[in-house]
Structures are given as structure tokens and as C-alpha cells.
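# got a structure for you, letters missing:
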Ligand SMILES: [Zn+2]
């Protein structure tokens, strides 16, 4: 069974889990509660028409009359948990940037490569030249990989188009992909990724590009309902805090909720600005200071950490996850799947990095990648935990202890992924 396969009927009883991680309880998870996975030993899940009908011990669930009539899936002592919510990806792009990989290894920084016309601008050139069909084919293959690593919902940003036609092309692909394959895609408009080449080094160029975003593209994206969120890359070499605020406010005015790339390469003060605007999420945060951490701790804005970037770029400074958790921030984890800084679709790999580099515990990392990430895309009422009434979005790992999910790295231990109760991935012959 591969990606996008159906098979199991509408009523399904899952049993035989060595550990069932329900993630039930407090939403979002802060501080000590971040470690609470709501584990049920020898647990069972009853699914009706793609929705979780009941969760509990095997003995409790098997007593239900409906459970007796349901199709059975015995997972043979594996670990069952909510499907991962990958709350930060750049799904649509035309090609990898493998040509930059050796430059990076030799010591060229991300910003040096960008200054020489590489980086994001290379991806923009390739995306503009690519047809929607080619982009879609690449995205379909990537979505198969996401599913194969236990992800059931992902946020996806535009941002490699940077002109009206190309940005709309990407966002329309998000919509088409949502219809054509089982994983749910949450669409974000990131026209403010960088200032495109044709506006650079021209008097008032950046200003004119910001005006194109705020006066033309954002209203058009909102009118066509092509995105739920508006994002900005606020950093050196991208957009200033002042420009970012203007763009996020224009988004908000048009019904697109703010999220932001903040304090990745340098500290700009983007975090506190975005918190004041009520952003759903501040992402990256490698360079945050104490005041930023406190502001996140007091806010509802999710702090989304992307350790895959630092790993791929070979950087030593990861986001201060322990301080953020200590301050009470809602910490989430995501892949930041993109061709320049984080070419991975694997949430388990991100969990491994969260444990070894961010010093999060396996339990904290799992909560950050499920229920807290669901909060960041405003879907905690229907995904992120295994609760009656929520979508039956489930990942099953071929391990007996949840700690083995991040413990193994560089190998895929995901055994089966279900979206709305239907298998979208099943590892064959295990
Ligand atoms: Zn990103």
C-alpha cells in the first residue's frame, strides 16, 4: 500500500497499541504540561466515518456495540499517536538548491549566497519558469513523503513567485492539491519573502514592492480566498520591521491572520511587533532576547521552532527552547521544508533535532509537533490530539516506546498514517 490508498471501511477499531498517545487535556500545552502525552496503555481507538468516536483502554472500547461490528486493525504492539501537524513549510518550489550545498559546506553563509544572486532568488527564477503541472507533480511527490513520515496536516507558504501571476499560481496549487490528495494543506501568503530582483537596487524599489503586496496582491488573495494567513520574512536582507508591520496589517485588514519569520539571522524586534498584532505564530527565533521570550510567554502567539534549518546550514546557535518553555510560551515544531535551508519532509527527524539540539524531551517534542502545532494553524478543535469528535488523523510508529520516535534518526520508523480514518501510507512487508 502506498500513498493515497483507501482500503479500510468507515468504521474501524484500532487495538494492539503498546502506547496510545492521546494528547488529550490542556490546549495549548505550556510549561510542565508540555510533557503530558495522555498515554493510555493497551489503548484502542474507534473511528466512525473518519471521525474519532471513542478513545480508551481496549477493554472499555471493545465493550461498545459499535466496536464489535467495526473492521479491526491490530497494530501489533506499535505506538499510536495523532498525525503530525507540520505548521511551517514552503511546499511549492521548482527544484532543490543542491548546487549551493557544497558552497555552504565550504563556509559560504546563507546571506553571502543570497547576495551573489543565489538563494531565494534562484528559486524564484526557476518557479516563474515552471508550469503549474510540473510544480504540482513535485508537490504531490513531496506530500507522499510527508505522509510516509506521519504528517497528516501541513501549512504551506507561497513566496517563490514574488509577482502577481506566480504568487497566485502557487496559492491556486495549494487549493488544487487540497482537492486532489488526502493531506490537508493550510495556505499562507508569503509574498513578502524577499524583494524580487526587478525591484532591487532601484530608487524606492522596496517601497513599490510593499505597495504591490498591500494594495494589489493581498486584496486579490483575500477576495479569491486563496490563503488564511499572511507571513513576512522580517530579517536582514529581507523586510524591515516597519515594512513587515505594514504588510501584516494589510493582511489583517483583509482577513488574513499574521504569522512571521522572526529573529532567524539577526534580532529585528519582529517577535514583539508580531505579538502585539496578535500573530498566530512567530517562527525561527534563534536570535530572540529575554524580552522577546517573555513577550511570547505572556501571549497566545505560538513559538514555532525550526531546528532543521540550523542543522542543514551547519549553524551552532539553535533557538532557546528551554527558556521559551520555562517562560510559558506555546512551543511548536515544524520542518520548514524548503530548498534553501531545510530540505526535509521528516517530522521524526525534526523531533530528533529538538531532543539533541534544543534539549526538549521526547514527550515535549511530540506535544509540540501535534497539539501545539495544531494551535498555530488554528485547528486545535479538530486535529492535534486523539479525542472523540476530532478527525481520525493518526500516525503509527514501528516502535514499542514513544521515546524511540526521536531516538532513531535517519531511518523511517513510521508504519502507517491515517487521514480521516483512511490509510494514506502503509509500510509494506514489515
Ligand atoms: Zn520558512
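Cool, the structure landed. The structure presented is a predicted model; accordingly, all values stated were derived computationally and were not measured.
# Now the helix or strand of the chain with the lowest mean pLDDT: buried residues?
Lowest by mean pLDDT, DSSP states H and E among the helices and strands of the chain is helix 110-115, with a mean of 83. Residues 110, 113-114 are the ones in helix 110-115 that count as buried (16 or more other Cβ atoms under 10 Å). C-betas here are computed from N, CA, C, even on glycine.
# now for the lengthiest strand in the chain, which elements pack on it?
For the chain, the longest strand by residue count, based on DSSP state E, is strand 184-192. Counting contacts by 3 or more Cβ pairs under 8 Å, 6 or more residues apart in numbering; DSSP states H and E, strand 184-192 packs against strand 151-157, helix 164-180, helix 218-223, strand 229-234, helix 241-253.
# can you list contacts of the helix or strand encompassing residue 136?
Using DSSP states H and E, residue 136 falls within helix 132-148. Outside helix 132-148, the residues that touch it by Cβ atoms under 8 Å, 6 or more residues apart in numbering are 2-4, 86, 91-94, 127, 154, 169-170, 172-173, 176-177, 180-183, 337, 345-346, 412, 414, 417, 419, 424-425, 427.
# Stretch 142-155: end-to-end distance?
End-to-end distance for stretch 142-155: 13 Å, by Cα to Cα, to the nearest Å.
# just the helices in the stretch 1-150 of the chain please.
58-62, 65-69, 98-105, 110-115, 120-129, 132-148 (DSSP state H, counting those that start in this stretch).
# Go through those and find the least confident stretch.
When the helices of the stretch 1-150 of the chain are compared on mean pLDDT, helix 110-115 scores lowest, with a mean of 83.
# burial measure for the closest residue to residue 340 other than its chain neighbours, as a count.
Sequence neighbours aside, residue 97 is the residue nearest to residue 340 in space, at 5.4 Å (criterion: Cβ to Cβ, 6 or more residues apart in numbering). Around residue 97 sit 21 other residues, with neighbours defined as other Cβ atoms under 10 Å.
# contacting residues around residue 97?
Going by Cβ under 8 Å, 6+ apart, residue 97 touches 118-119, 122-123, 339-340.
# List phi and psi for it.
phi -120, psi 50 (degrees, to the nearest 10).
# For residue 268, give its distance to residue 54.
From residue 268 across to residue 54, the span is 48 Å (Cβ to Cβ, to the nearest Å).
# Who are the contact partners of the residue nearest to residue 267 when sequence neighbours are not counted?
Of all residues not flanking residue 267 in the chain, residue 287 sits nearest, at 4.2 Å (Cβ to Cβ, 6+ apart). The neighbours of residue 287, taking Cβ under 8 Å, 6+ apart as the test, are 263-267, 317.
# Distance to residue 331, pLDDT and neighbour count added to those, as a markdown table?
Below are the contacts of residue 287 laid out as a markdown table (distance: Cβ to Cβ, whole Å; pLDDT from 0 to 100; neighbours: other Cβ atoms under 10 Å):
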| residue | distance to residue 331 | pLDDT | neighbour count |
| --- | --- | --- | --- |
| 263 | 15 | 97 | 24 |
| 264 | 16 | 96 | 26 |
| 265 | 21 | 94 | 19 |
| 266 | 22 | 96 | 13 |
| 267 | 19 | 97 | 17 |
| 317 | 17 | 96 | 9 |
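# from the residues you listed, which is closest to residue 200?
Ranked by distance to residue 200 (Cβ to Cβ), the contacts of residue 287 are led by residue 265 at 17.9 Å.
# Wait, that closest one touches residue 110, no?
Yes - the criterion here is Cβ atoms under 8 Å, and residue 265 meets it with residue 110 at 7.2 Å.
# hey, where'd the strands end up in the stretch 301-430 of the chain?
For the stretch 301-430 of the chain, the strands defined by DSSP state E, counting those that start in this stretch cover 302-305, 330-333, 394-397, 414-419, 422-426.
# what packs against the longest one?
Helices and strands touching strand 414-419, by 3+ Cβ pairs under 8 Å, 6+ apart, are helix 132-148, strand 151-157, strand 394-397, strand 422-426.
# Compare these and report which one is nearest to residue 188.
Nearest to residue 188, of all the helices and strands packed on strand 414-419, is strand 151-157, at 4.4 Å by Cβ to Cβ.
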